[in-house]
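*Asks:* model this:
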Amino acid sequence: MASKRSKASGATRAVQFLQRHGIAHALHEYPFDPADLGIGAQAAAALDVEPARLFKTLMVVLDEQRLAVALVPANAETNLKTLAACLGGKRAALAKVAEAERASGYVKGGISPFGQRRPAPVATDTSIRTHETVFVNGGRRGLQIELAPDDLIEALDATLADLAR
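*Replies:* You can find the predicted model right below:
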């Protein structure tokens, strides 16, 4: 994996999680534009990565009571009904920003599936396995982590499902 590493990059809980678990990864920084609401597309364009390889981290609420994490390609929408079912729920809805930030310990645009303050069940789209490496948020705006899909799935004990549409 090619790496665009900086000294400041290693400070996030997400990166510390990967280091603690001995998971090979590369860090990639890009200039984050807070005015651009398409965070995944912004990162993919800035890093010159196919959007299907960049997985956005979505915090969701299952059955109006428990949080979960969904990882879907940046260029796809999430099938919330399938997401709920694969994690043992009936309904899923995107969590409110404040709730997602409080539970994860990260800010919107920087939420990583790794090193969350309150770990939640994770589901990822099955397309993750079609790539040699994938990118997920690194725990702060403007930082992406590149790693092997199987390492991500194992580290997060992620459930695989057809979440993208």
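*Asks:* Can you give me the distance of Ala46 to Ala74?
*Replies:* When distance is defined by CB to CB, to the nearest Å, Ala46 is 12 Å away from Ala74. Where you see a C-beta, it was placed from the backbone N, CA and C, and this is true even at glycine.
*Asks:* Same check on Ser104?
*Replies:* Applying CB to CB to Ser104 and Ala74 gives a distance of 18 Å.
*Asks:* out of those two, which sits in the busier spot?
*Replies:* Ser104 (27 against 21; other CB atoms under 10 Å).
*Asks:* so what's the more buried one up against?
*Replies:* Residues near Ser104 by CB atoms under 8 Å, 6 or more residues apart in numbering: 59, 111-112, 116-118.
*Asks:* Can you show me the helices along the protein?
*Replies:* Along the chain, counting by DSSP state H, helices occupy 13-20, 39-47, 80-86, 97-104, 149-156.
*Asks:* closest to Pro31 out of these?
*Replies:* helix 39-47 (6.6 Å; CB to CB).
*Asks:* got the buried residues for that closest one?
*Replies:* Buried residues in helix 39-47, counting neighbours by 16 or more other CB atoms under 10 Å, are found at 39-40, 42-44, 46-47.
*Asks:* quick check, nearest of these to Gln16?
*Replies:* Nearest to Gln16 out of the buried residues of helix 39-47 is Ala43 (CB to CB; 20.8 Å).
*Asks:* Surely the closest one is in contact with Glu29?
*Replies:* No: if you go by CB atoms under 8 Å, Ala43 and Glu29 don't touch, sitting 10.1 Å apart.
*Asks:* Overlap in contacts, these two.
*Replies:* Joint contacts of Ala43 and Glu29 (CB under 8 Å, 6+ apart) are Gln144.
*Asks:* The most centrally placed residue in the chain and Ala120: what is the separation?
*Replies:* Closest to where the C-alpha atoms of the chain average out (CA atoms, centre = their mean) is Thr57, at 3.2 Å. Here the criterion is CB to CB. By it, Thr57 lies 11 Å from Ala120.
*Asks:* And the strands in this structure, which stretches?
*Replies:* For the chain, the strands defined by DSSP state E cover 26-29, 55-62, 66-73, 92-94, 122-125, 134-137, 143-147, 159-161.
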